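Participant: pasted the sequence and its predicted model underneath.
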Amino acid sequence: MNDKKGFTTTILHSDRLLKPEFGALHQPIHTAVTWGFEDVQGLVNVFQNKAKGYAYSRQGNPTVTALEHKVTQMEDGMATVAFSTGMAAISGTILALLKAGDHIIASSYLFGNTRSVMQTYMDMGLAITFVDATSIEEVKNAYQENTRMVFVETIANPATQVAALGPIGDFCEEKAIIYMVDNTMTSPYIFRPVTVKASLVINSLTKYIGGHADALGGSVTDTGLYNWVNFPNIAEVLREQIRPEMLGITQIRKRGLRDSGGTLAPEAAHTISVGSETIALRLERASANALALAQYLEAHPLVSKVYYPGLKSHPQHELATGLFKGYGGLMSFALNDGIDCFAFLNRLKLVIKSSNLGDTRTLAIPVAHTIFFELGAERRAEMGIPDSMVRLSIGIEDQKDILNDFKTAFEGC
């Protein structure tokens, strides 16, 4: 990131400064799947990592490269690989870097699909210990000689626990293990994990970066802080070809993207890139709306609990205040016993019943019955997810309209 320019200014001018054809302000959509060379040596050099270029779009495309460059700037990182979804970025990164017998320390509050893919990797021979990531002591106690990675989310979905991000970063640095942080719920506008010594940063580009629920995408960014030279799982062929600082991200591109095939389409990359230009404006508005609604819900007699880091009653409120530029648009609440959760949601007319996050529109979903249903009642109880929990993704509508929609819904209880 250019220190002389602000966050939004840098994003707005990112494509233009890469000098796309004919002075275009955005990188055009390149739909080519394959690329031709006048001299076969040029093709060979690209395959052997001796020259930059494109050979086959499964692992690289100019439109996607421009988006990767933009995300790298957002995260103040070194390099980024884009994937077709956030889940593809997570699973591809683990696939690329870890082997059977390696050990991961992971937050017990991971999003349901992320928890599911962790179980899949456990079935394939990875050892994973789930811990309360708000406690550095639990992370330390889970450490083993074969621990290769700690994986946490900045703000957990849906109960909004905030991980002990700084102390975990110090611990990972001390033990020379990869620190992978999913920044989706905060986004690089609200928080940059590089500031807590993260090695790799995950973003679901579908959410706040794209922002309009019109394109799927994901990314992993190497912050440049991890020393890949001593990481035992780097392929020897890459050690012979790649600069030391690029070993990790190159192996992710080769094994996690090229080999697994989770390629981001150029059309989606272009849509996400354009959407990202307003991320600061959207998140400032969504954060203000979310805080106002959280305060309203916390004071409501029919609500038993509100989960939002912006509330002073939140267990990690002070931590979030010290780390984040804002508290984001993710929040949840639980209704009192006896209130029909489905009936309440159906009385909301402005708020959309939907499973997405980070949209410009406010969305609501009953958690236990949908995104965490497969985990079962016992696991949901361990994660602090009651049956009456409703997750909200707050949008950028006029604040009074959001509040009025909830007021009307409560009147029918």
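Facilitator: Yep, it's here. Residues are numbered from 1 along each chain as shown.

Participant: hey, let's count contacts and neighbours off CA atoms from now on
Facilitator: Fine.

Participant: what's the local residue count around residue 348?
Facilitator: 19 (other C-alpha atoms under 10 Å).

Participant: SS state for residue 53?
Facilitator: Of the three states, residue 53 takes coil according to DSSP: H, G, I helix; E, B strand; the rest coil.

Participant: that one reaches residue 36, doesn't it?
Facilitator: No - taking C-alpha atoms under 8 Å as the definition, residue 53 is not a contact partner of residue 36, at 10.5 Å.

Participant: any figure for the gap between residue 262 and residue 48?
Facilitator: Residue 262 sits 22 Å away from residue 48, going by C-alpha to C-alpha, to the nearest Å.

Participant: what's the answer for residue 366, then?
Facilitator: Taken as C-alpha to C-alpha, the span from residue 366 to residue 48 is 50 Å.

Participant: between the two, which one's more packed in?
Facilitator: Neighbours were counted for residue 366 and for residue 48 using other C-alpha under 10 Å; residue 366 has more, 24 against 14.

Participant: next structured bit after the helix or strand bottoming out on mean pLDDT in the chain?
Facilitator: In the chain, no helix or strand scores lower on mean pLDDT, DSSP states H and E than helix 376-382, which sits at a mean of 75. Next along the chain after helix 376-382, taking DSSP states H and E as the criterion, comes strand 389-393.

Participant: please name every helix or strand in contact with that following strand.
Facilitator: Contacts defined by 3 or more C-alpha pairs under 8 Å, 6 or more residues apart in numbering; DSSP states H and E place strand 389-393 against strand 330-335, strand 363-366.

Participant: now the angle from the longest one to strand 389-393?
Facilitator: Relative orientation of strand 330-335 and strand 389-393, computed by axes from the mean of the first three to the mean of the last three C-alpha atoms, to 10 degrees: 150 degrees.

Participant: which residues sit against strand 330-335?
Facilitator: Contacts of strand 330-335 with the rest of the structure, by C-alpha atoms under 8 Å, 6 or more residues apart in numbering, involve 157-160, 185, 290, 294, 297, 302-308, 341, 357, 386, 388-394.

Participant: can you list the buried residues in the very next helix or strand once past that strand?
Facilitator: Next along the chain after strand 330-335, taking DSSP H and E as the criterion, comes helix 341-347. With burial defined by 16 or more other C-alpha atoms under 10 Å, the residues of helix 341-347 counted as buried are 341, 344-345, 347.

Participant: show me the contact partners of helix 341-347.
Facilitator: The contact list for helix 341-347 (C-alpha under 8 Å, 6+ apart) reads 335, 353, 364, 366, 388, 390, 408-410, 412-413.

Participant: ditto for stretch 279-288
Facilitator: In contact with stretch 279-288 (C-alpha under 8 Å, 6+ apart) are residues 8, 189, 208-211, 326-329, 360, 394-396.

Participant: okay, that stretch in PDB with CA atoms only?
Facilitator: The C-alpha trace of stretch 279-288 is given here as PDB (Å, rounded to 0.1, in the frame of the first residue of the first chain):
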ATOM      1  CA  ILE A 279     -16.000  -0.700   0.600                       C
ATOM      2  CA  ALA A 280     -15.100   2.100   3.000                       C
ATOM      3  CA  LEU A 281     -18.400   3.900   2.300                       C
ATOM      4  CA  ARG A 282     -20.400   0.800   2.700                       C
ATOM      5  CA  LEU A 283     -18.800  -0.400   5.800                       C
ATOM      6  CA  GLU A 284     -19.000   2.900   7.600                       C
ATOM      7  CA  ARG A 285     -22.700   3.100   6.900                       C
ATOM      8  CA  ALA A 286     -23.300  -0.600   7.800                       C
ATOM      9  CA  SER A 287     -21.300  -0.300  11.000                       C
ATOM     10  CA  ALA A 288     -23.300   2.700  12.100                       C
END
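
Participant: now it: how far from the chain's centre is it?
Facilitator: The chain centre lies 17 Å from the centre of stretch 279-288; the measure is C-alpha atoms, centre = their mean, to the nearest Å.

Participant: ok, now stretch 89-104?
Facilitator: Distance, centroid of stretch 89-104 to centroid of chain: 17 Å (C-alpha atoms, centre = their mean).

Participant: show the end-to-end separation of it, please.
Facilitator: Termini of stretch 89-104 sit 17 Å apart (C-alpha to C-alpha).

Participant: check stretch 318-328 too.
Facilitator: For stretch 318-328, the first-to-last residue distance is 15 Å (C-alpha to C-alpha).

Participant: quick check: buried residues in it?
Facilitator: Burial within stretch 318-328, assessed by neighbour count using 16+ other C-alpha under 10 Å, is assigned to 319-320, 323-328.

Participant: residues in contact with it?
Facilitator: By C-alpha under 8 Å, 6+ apart, the list of residues contacting stretch 318-328 reads 162, 185-186, 189-191, 283-284, 286-287, 290-291, 308-310, 312.

Participant: got a ChimeraX select line for the buried ones in those?
Facilitator: Typed into ChimeraX, the line below selects the buried ones among the contacts of stretch 318-328, using 16+ other C-alpha under 10 Å:
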select :162,185,186,189,190,191,283,284,286,287,290,291,308,309,310
